[in-house]
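Q: Quick one: sequence plus predicted model below, questions after.
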Amino acid sequence: MQLEEPVIRPITQSRIDQVDFENLEFGKYISDHMLVCDYNNKAWQTPKIVPFADMSMSPAMLALHYGQSVFEGLKAFRMGEEQICIFRPDKHYERLNRSLARMCMPAMPEELFINGLKQLIKLDEEWVPHGEGTALYIRPIVFASEARFGVKVSDEYRFIIFTGPTGKMFQRALRVKVETHYSRAARGGTGAAKCAGNYGGAFLPTLKAREEGYDQVLWTDANEHIHIEESGMMNAMFVLDGVLVTPPLSDSILNGVTRDALLTLARDLGIPAEERPVSIQELQGCFRNNTITEAFGAGTAAVVSPIEAISINGVDHYLPSYNKNSIMFRLQQELESIRAGKTPDRHNWIVLV
Ligand SMILES: *Cc1c(COP(=O)(O)O)cnc(C)c1O
């Protein structure tokens, strides 16, 4: 299939002067343009880049009723003053297609995603912030757009990419609660897809954990609630006896791009790393022998989110305090150094816009 170049209808008046670049709250500002591409008659149509704006929809739009809606989250950065790069768009593209397949939604050609992304960012170049630790957050989303209320797989979809500048994520260490009642994802379910419904279902257990004084839950397997799966909306990582350990991918764990990058960098830096099941019992034992030295979440938004306390069956277990030599911060540093162009991009993670 030959996809055409996006048709561009630029803004007449930029909104960029409304942005406080010194104070970039996550999710607050949206850049001038968005990419929109519709799927109908069994084909992706010509993409358009248009001013970001509200859109109209039918109350019968299928995504609202039956949940065919998936998304991605990735970032673009400044590399020096001249260049803008996107971090591993190919990996996000592959994951988007896996999410689409799980939700019976049509696959997307790579060119539509990657080329669309580049063109959009090029047009909104000024929105990529300059400050240290800042980035342009990129949100691709695909949803069922057909208006029809019978239960069915939609025949029409809309793909949108919009972006927004974000600041340095505040890294307050998290208090997390091991969740043994609710589940995020079950074997055979949609946990490995980045679909909207996974988030909707996670809000209630998370709000309950908040009421109990925790920031996030540490999800456990839905079958027996014995093994750790993920931390909130991030992959869970631990340092046990000097080894970086993270649960293995399964259909109930999201294949995080950050998770993959940190595992790769650990191997590069000579830090032993293992993907293997981690049980609650093992964690309890590690707290008893003081062999757990780090626990953190891994995800695009903050790269690493340190955990200071883990509640297991109502008992709070505290991690030792962290410093810049902690494995998580060494990995974060290495990743940020590659993104900034200061360390060679030996795994071809950087795509220039
Ligand atoms: C997006 C997401 C992550 C993190 O993935 P990254 O690609 O590293 O941003 C982890 N867990 C869940 C459930 C997610 O939705």
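A: Yep, it's here.

Q: okay, CA-based contacts and neighbour counts for the rest of this
A: Fine.

Q: Skipping adjacent residues, who's closest to Ala273 in space?
A: Using Cα to Cα, 6 or more residues apart in numbering and skipping residues adjacent in sequence, the residue nearest Ala273 is Leu244, 4.5 Å away.

Q: Check Arg259 too.
A: Once flanking residues are discounted, Arg259 sits nearest to Ala298: 5.8 Å by Cα to Cα, 6+ apart.

Q: The helix ranked longest in the chain and the ligand in contact?
A: Taking DSSP state H as the criterion, the chain has its longest helix at helix 196-211. No: against the ligand, helix 196-211 shows no contacts by Cα under 6 Å from any ligand atom, the least distance being 7.5 Å.

Q: Stretch 223-230 too?
A: No: Stretch 223-230 does not reach the ligand (Cα under 6 Å from any ligand atom); its nearest approach is 6.5 Å.

Q: Buried residues, that stretch. List them.
A: For stretch 223-230, burial by neighbour count (16 or more other Cα atoms under 10 Å) applies to 225-230.

Q: nearest to the ligand, of these?
A: When the buried residues of stretch 223-230 are compared for distance to the ligand (Cα to the nearest ligand atom), Glu230 wins out at 6.5 Å.

Q: Bridge partners for the closest one, pull those for me.
A: Counting by DSSP bridges, Glu230 is bridged to Asn235.

Q: Tell me who's in contact with it.
A: Applying Cα atoms under 8 Å, 6 or more residues apart in numbering to Glu230 gives the contacts 218-220, 236, 253, 297.

Q: Now flag whichever of those is closest to Asp124.
A: Set against Asp124, the nearest of these by Cα to Cα is Gly297 (30.5 Å).

Q: which residues does the residue nearest to Arg259 contact?
A: 234-237, 256, 258-259, 304-305.

Q: Pairing partners for the host helix or strand of it, with directions?
A: Assigned by DSSP states H and E, Ala298 falls within strand 292-299. Using DSSP bridges, strand 292-299 pairs in its sheet with strand 234-240 (antiparallel), strand 303-312 (antiparallel).

Q: picking up where we left off before, check the contacts of Ala298 against the ligand, which are close?
A: Among these, proximity to the ligand is found for 234-235, 256, 258-259 (Cα under 6 Å from any ligand atom).

Q: so where's the stretch 101-250 of the chain uncertain?
A: By pLDDT under 70, the low-scoring segments of the stretch 101-250 of the chain are 170.

Q: and the protein, what are its domains?
A: 7-166, 174-337 (automatic domain parsing).

Q: for the nearest residue to Arg148 once chain neighbours are set aside, what are its contacts?
A: Spatial nearest neighbour of Arg148, excluding adjacent residues (Cα to Cα, 6+ apart): Ala60 at 5.4 Å. Applying Cα under 8 Å, 6+ apart to Ala60 gives the contacts 146-149.

Q: Make TSV from those and add distance to Thr206, neighbour count and secondary structure to it.
A: Converted to TSV, those look like this (distance: Cα to Cα, whole Å; neighbours: other Cα atoms under 10 Å; DSSP: H, G, I helix; E, B strand; the rest coil):
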residue	distance to Thr206	neighbour count	secondary structure
Glu146	32	20	coil
Ala147	33	17	strand
Arg148	33	14	coil
Phe149	31	12	coil
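
Q: ok, of these, which one's closest to Gln332?
A: Nearest to Gln332 out of these is Glu146 (Cα to Cα; 42.1 Å).

Q: picking up where we left off before, now the buried residues of stretch 223-230 in a markdown table, please, with extra columns for distance to Glu110.
A: Below are those laid out as a markdown table (distance: Cα to Cα, whole Å):
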| residue | distance to Glu110 |
| --- | --- |
| His225 | 38 |
| Ile226 | 39 |
| His227 | 36 |
| Ile228 | 34 |
| Glu229 | 30 |
| Glu230 | 29 |
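
Q: What parts of this structure come near the ligand?
A: Going by Cα under 6 Å from any ligand atom, the residues of the chain near the ligand are 194, 233-235, 254, 256-259, 298-300.

Q: Which members of those residues are classed as buried?
A: Neighbour-count burial within the residues of the chain next to the ligand applies to 194, 233-235, 254, 256-259, 298-300; the criterion is 16+ other Cα under 10 Å.

Q: All the strands of the stretch 201-350 of the chain, residue numbers only.
A: 216-220, 228-231, 234-240, 243-246, 273-275, 292-299, 303-312, 315-318, 350-352 (DSSP state E, counting those that start in this stretch).

Q: Of these, give the one that comes closest to His33.
A: Nearest of those to His33, taken as Cα to Cα: strand 350-352 at 19.4 Å.

Q: The closest one pairs with which strands?
A: strand 83-87 (antiparallel).

Q: which secondary structure elements does the next helix or strand after the partner strand contact?
A: Counting by DSSP H and E, the element after strand 83-87 in chain order, helix or strand, is helix 89-102. Contact here means 3 or more Cα pairs under 8 Å, 6 or more residues apart in numbering; DSSP states H and E; on that basis helix 89-102 packs against strand 69-71, helix 110-123.

Q: tell me the most buried of the ones you listed?
A: strand 69-71 (a mean of 23; mean count of other Cα atoms under 10 Å).

Q: Pull up the pairing partners for whichever helix or strand comes after it, direction included.
A: Note on strand 69-71: by DSSP H and E, the next helix or strand toward the C-terminus is strand 74-79. If you go by DSSP bridges, strand 74-79 pairs up with strand 83-87 (antiparallel), strand 135-144 (antiparallel).

Q: average model confidence for stretch 304-315?
A: Averaged across stretch 304-315, the pLDDT comes to 97.

Q: Lovely, talk soon.
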